[in-house]
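Trainee: Return atomic coordinates for the entry below.
(2 chains)
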Amino acid sequence: MYEKAVAFGLAIGATINLTSVFDRKNYFYPDSPKGYQITQLETPIVVGGSVDIILKDGSVKTIQVTRAHLEEDAGKSMHEDYHGKTGIDLNRAGTPLLEIVSEPDMRSAEEAVAYARYIHQLVTYLGVSDGDMSQGSLRCDANVSIRPMGTEAMGTRTETKNVNSFRFLERAINHEVERQIAVLESGGRIRQETRLYDSDKDETRPMRSKETATDYRYFPEPDLLPIHITQDYIETVRQQMPELPEAKIQRFVRDYDLNEADAEVLASTVALADYFETVARVGGDAKLAANWVRVELLGQMNRDSLTPSAESLSAISLSANALGMLLARIKDGTISGKIAKTVFAALWHGEATDPDTYIATQGLTQVSNSNELIPIVDSVIENNPQQAAQYREGKTKLIGFFVGQVMRQTAGKANPQQVSDLVQQRLLD
Amino acid sequence: MSDLHHKTISQLLRDLDNKAFSSVELTAHYLDRIERLDPAINSYITVLREPALARAAAMDVARQKGTHPPLAGIPIAHKDIICTQGVRTSAGSRMLDNFIAPYNATLVEQLNDAGVVTLGKTNMDEFAMGSSNENSYYGPVNNPWRADRVPGGSSGGSAASLAAGLCTAATGTDTGGSIRQPAAFCGITGLKPTYGRVSRWGVIAYASSLDQAGPMAQTAEDAAHLLQAMAGFDHRDSTSINQPVPDYLAQINGSIKGLKIGICTEYFDAGLDDDIRTAVMAAAKTLESMGAILSEVSLPNTQHAIPAYYVIAPAECSSNLSRYDGVRFGYRCADPESIEDLYKRSRSEGFGREVKSRIMVGTFALSAGRIFTPSPSTSRVSQPSRYRQVKARVYPSAYNLSVAISMKAVCSKWPITSSKHRTGTLNVPTTANNQEIHHARLGNRHRSGDPYPAQDQIENIFGCQHRLRCGAQYASLRH
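Mentor: This is a model prediction of the structure:
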């Protein structure tokens, strides 16, 4: 369990505490079945570290991480569906989680979301979490305070809990900022409290006050021994760490000659990056693979409301291997790019699994034999004498018209470049 | 057949092998005795007549086939704080009067694997809090030796049922003397194994850093039979220690020649009755005559052990007992008006007086600015370290001593408690003996329970086998 915490700490350049101790935090609440939570108060396993986030204007900002500690999850209170009562789902109670605490370094909802996205990507890369926010595998508590421009001291903060998507995080923070401004401008004061974000109403509302400090009666957890980690162990974890996002992006740019933007998209999840690399390897053309994965695959997934997670990429009908084979057929001239999109759709919808079989059975092989194409080209020219004349007078844009006609007659199976060459050749003859 | 209950486990195993009687006959003998005699003693909370007889029959079949485990057909009892699947496990409390354990404690599984028959669940002080067995929701246990004496506690039911011949052996748990003190009061043999030796999984927690289950039996050899089955690493209890379990029985009749027995001078200071002092010293001399080497040692922080115990144990219990809130299992008050009301009344009505008192003491001790914590103005970061400082201040010399002489200080105690009735000092004054035992136990716990001991130290610390051997040898001479 703590191997993942150590890996996270190493990834953000933090100090790993060689000895870390578990403590008990005592409180009564229905979602806490033991009446206490096992956490790490004094000696968290990860201390310090930082992450660099990239903002929309392209600038880089460093966010300091205070600490990351291991604790057990509580149950989940469910306020809906119980006719005014509260249900408790205890299935996740007692499962370990890593709580990552940042310094108050973010100055806007945008920065907070960029930070959260970075953490999300990192922990999914490291296998710390599957990152499924809708299932609570990664959750954010947003602490928000405001202060007049030019002043130093931070204002009183509120903590907004249970924000389960990046979109909601942005909205919850913006809402909270506006609420706090309104409170202060009307002469009120901000109460230190925990608030709950209600995504249906797009508002935060108070959950419990933190002004009267709760005494959690912390003491060392007697059922768990302290964790002792050796430097050797840390080195072992470091050596076994997977390639991290930035390294992967740089490698994609370097090895596949991709531009930075494509590389970032393709490296957004480990699963997508692996998918892309398989397509590139099987297809034999990294740039073509990058283009197809980014435009066709992600476009299709987006239309189907799928994110490129490991789960959805393994669930879709179109395997990376099949897509790679499809691209290989474009590359060797068997089919045109246009036909490839038809095959792609068939593979996507599960109508076929093997592109070669599908191309063969559907008769989609590109007509690249000049002897077959020349009569078609000639008949198109013959049937459109006016356009032919205009072309010969210099209106060369009309080449597209002729190519289009030929393509229509061949049901798209002709190689457009070859058709274009032939049209020119026959028109000028 | 009428004297079966005088036989030790070792004797019974030989008789069962020789088909002198069956496990069903043996079990029925105990069940009949319980039915006849226990109403006056109240040592059992639950008697499992039918399941016990069925289990005994199964063990008889196994024995006939020759495929039986080592303790096949031996009827024992479990303290009612130890979870037994499908059977009420009450911890002597109204709070758990309706609690049917959904699983077996690891030690129950281990003993079942060894073939024992479970006669029932024994009475105890509520949640193991008490030294007289008067704090039970199921009524007090009477000492079989003299009706006007308490049997000791908290494992008073196990000790009394053994003394009355209502089981061959029983399990107990010991946090601050709860095996050893009732063993002494009832004249039987009890051993608190080194902390970590027996899994606590499925043993309802009182004070996690001190709790340890152990055997209670007629003789050291019988205790060794039980411990052999109970001891061992359990991945479900992270404080259980992964060390090889010695063969306790192989060493049980070995010589104690050359064994160093520490005698802690502080234990013999104020508050100890003369007859106890005399008996202990006589026992020490006896052991010396058998070849042991007596060595006087000093544990200067002994005086802090009891205050520390009464901070640490209630503090942990206040947290451990938070789970009994009326929400998921156990006692729930009638018609709660709110969640707050549910908590308050379920706990007020479900817990007895002593338990509530310790929860309050522990909650107070853990509160900010109290014993475990610096004032609220100080950084909260220092709270746990302060807690450790309390322990460290109390125990350093005990730690050093235990590493140096390890089990020997305890050695001198154990056989004496085991032989109280034979030496005629059965009814010891409660406080003196109790405190003395607390000291011994706390020192013992600390050196074993501390997470930092080096491997070679642990080897010395896990000295249960020496204690058992010592006890067996002492008893053999007294017979």
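Trainee: In the stretch 51-200 of chain B, what residue lies closest to chain A?
Mentor: In the stretch 51-200 of chain B, the residue that lies nearest chain A is B:Arg200 (8.1 Å; C-beta to the nearest C-beta). C-beta coordinates here come from the backbone N, C-alpha and C atoms, glycine included.
Trainee: Just say helix, strand or coil for the residue nearest to that residue when sequence neighbours are not counted.
Mentor: Leaving aside its chain neighbours, B:Arg200 sits nearest to B:Asp237 (5.0 Å; criterion: C-beta to C-beta, 6 or more residues apart in numbering or on different chains). With DSSP: H, G, I helix; E, B strand; the rest coil as the basis, B:Asp237 sits in coil.
Trainee: Now do the same for the residue in the stretch 201-350 of chain B positioned nearest to chain A: its pLDDT.
Mentor: Closest to chain A within the stretch 201-350 of chain B is B:Ser322: 2.4 Å, counting by C-beta to the nearest C-beta. The predicted local distance difference test score for B:Ser322 is 97.
Trainee: cool, A:Lys413 as well?
Mentor: pLDDT, the model's per-residue confidence, is 78 for A:Lys413.
Trainee: For it, which non-adjacent residue is spatially closest?
Mentor: Nearest residue to A:Lys413 in three dimensions, chain neighbours excluded: A:Val367, at 4.9 Å (C-beta to C-beta, 6+ apart).
Trainee: next one: B:Leu249
Mentor: Using C-beta to C-beta, 6+ apart, the nearest residue to B:Leu249 is B:Ala224, at 5.1 Å.
Trainee: A:Asn162: what's it in contact with?
Mentor: A:139, A:196-197 (C-beta atoms under 8 Å, 6 or more residues apart in numbering or on different chains).
Trainee: give me phi/psi at it?
Mentor: In terms of degrees, to the nearest 10, the main-chain angles of A:Asn162 are phi 60, psi 40.
Trainee: how much space is there between the residue nearest to A:Lys413 and chain B?
Mentor: Remark: distance between A:Val367 and chain B (C-beta to the nearest C-beta, to the nearest Å) = 68 Å.
Trainee: same thing with A:Asp255?
Mentor: 44 Å.
Trainee: same deal with A:Ile181?
Mentor: To chain B, A:Ile181 is 32 Å away according to C-beta to the nearest C-beta.
Trainee: follow-up on the earlier one: so which of the contacts of A:Asn162 is the most crowded?
Mentor: Highest neighbour count within the contacts of A:Asn162: A:Tyr197, with 24 neighbours (other C-beta atoms under 10 Å in any protein chain shown).
Trainee: Spatially, which residue comes closest to that one, not counting chain neighbours?
Mentor: Leaving aside its chain neighbours, A:Tyr197 sits nearest to A:Ala172 (4.1 Å; criterion: C-beta to C-beta, 6+ apart).
Trainee: about what we covered before: just confirm the residue of the stretch 201-350 of chain B closest to chain A contacts A:Phe28, I think it does.
Mentor: Yes: between B:Ser322 and A:Phe28 there is a contact under C-beta atoms under 8 Å: 6.7 Å.
Trainee: Contact distance from chain B - what residues of the stretch 151-300 of chain A qualify?
Mentor: A:213, A:215, A:217-220, A:222-226 (C-beta under 8 Å from any C-beta of the partner chain).
Trainee: re earlier: between the contacts of A:Asn162, which is nearest chain B?
Mentor: Scanning the contacts of A:Asn162 for proximity to chain B, where the rule is C-beta to the nearest C-beta, the winner is A:Leu196, at 17.4 Å.
Trainee: Can I take it that the closest one is in a strand?
Mentor: Yes: assessed by three-state DSSP, A:Leu196 belongs to a strand.
Trainee: and it, how far is that from A:Tyr216?
Mentor: Using C-beta to C-beta, to the nearest Å, A:Leu196 is found at 21 Å from A:Tyr216.
Trainee: Please apply the same query to A:Ala14.
Mentor: Taking C-beta to C-beta, one finds A:Ala14 at 25 Å from A:Tyr216.
Trainee: who's more crowded, the two?
Mentor: The neighbour count for A:Ala14 versus A:Tyr216, taken as other C-beta under 10 Å, is higher for A:Ala14 (23 against 19).
Trainee: got the domain boundaries for chain B?
Mentor: Per automatic domain parsing, the structural domains of chain B span B:4-245, B:260-301+B:395-478, B:304-391.
Trainee: How about chain A?
Mentor: Here the domain parsing of chain A from automatic domain parsing is A:1-133+A:212-241, A:139-211, A:243-361, A:370-428.
Trainee: Which of those domains comes out lowest on mean pLDDT?
Mentor: domain A:370-428 (a mean of 84).
Trainee: Report the distance from that domain to the chain centre.
Mentor: Taking C-alpha atoms, centre = their mean, to the nearest Å, one finds the center of domain A:370-428 at 45 Å from the center of the full chain.
Trainee: Can you pull the phi/psi pair for residue 362?
Mentor: Went with chain A since none was named. The phi/psi pair for A:Gln362 (degrees, to the nearest 10) is phi -90, psi 0.
Trainee: circling back: what is the neighbour count of the residue of the stretch 201-350 of chain B closest to chain A?
Mentor: Neighbourhood size, B:Ser322 [other C-beta under 10 Å]: 22.
Trainee: quick one: contacts for it?
Mentor: Counting by C-beta under 8 Å, 6+ apart, B:Ser322 makes contact with A:26, A:28, A:34-36.
Trainee: tell me the secondary structure for it?
Mentor: Classification of B:Ser322 using three-state DSSP returns helix.
Trainee: Need the residue closest to the centroid of the chain.
Mentor: Just so you know, I chose chain A. The centre of chain A sits closest to A:Ser268, judged by C-alpha atoms, centre = their mean, with a distance of 5.1 Å.
Trainee: look at chain B instead
Mentor: Residue closest to the average C-alpha location in chain B (C-alpha atoms, centre = their mean): B:Thr173, at 2.9 Å.
Trainee: Identify the bridge partners of that one.
Mentor: Applying DSSP bridges to B:Thr173 gives these bridge partners: B:Ala213.
Trainee: Relative to B:Thr118, how far out is it?
Mentor: 16 Å.
Trainee: swap in B:Ser10?
Mentor: Going from B:Ser10 to B:Thr118 by C-beta to C-beta gives 20 Å.
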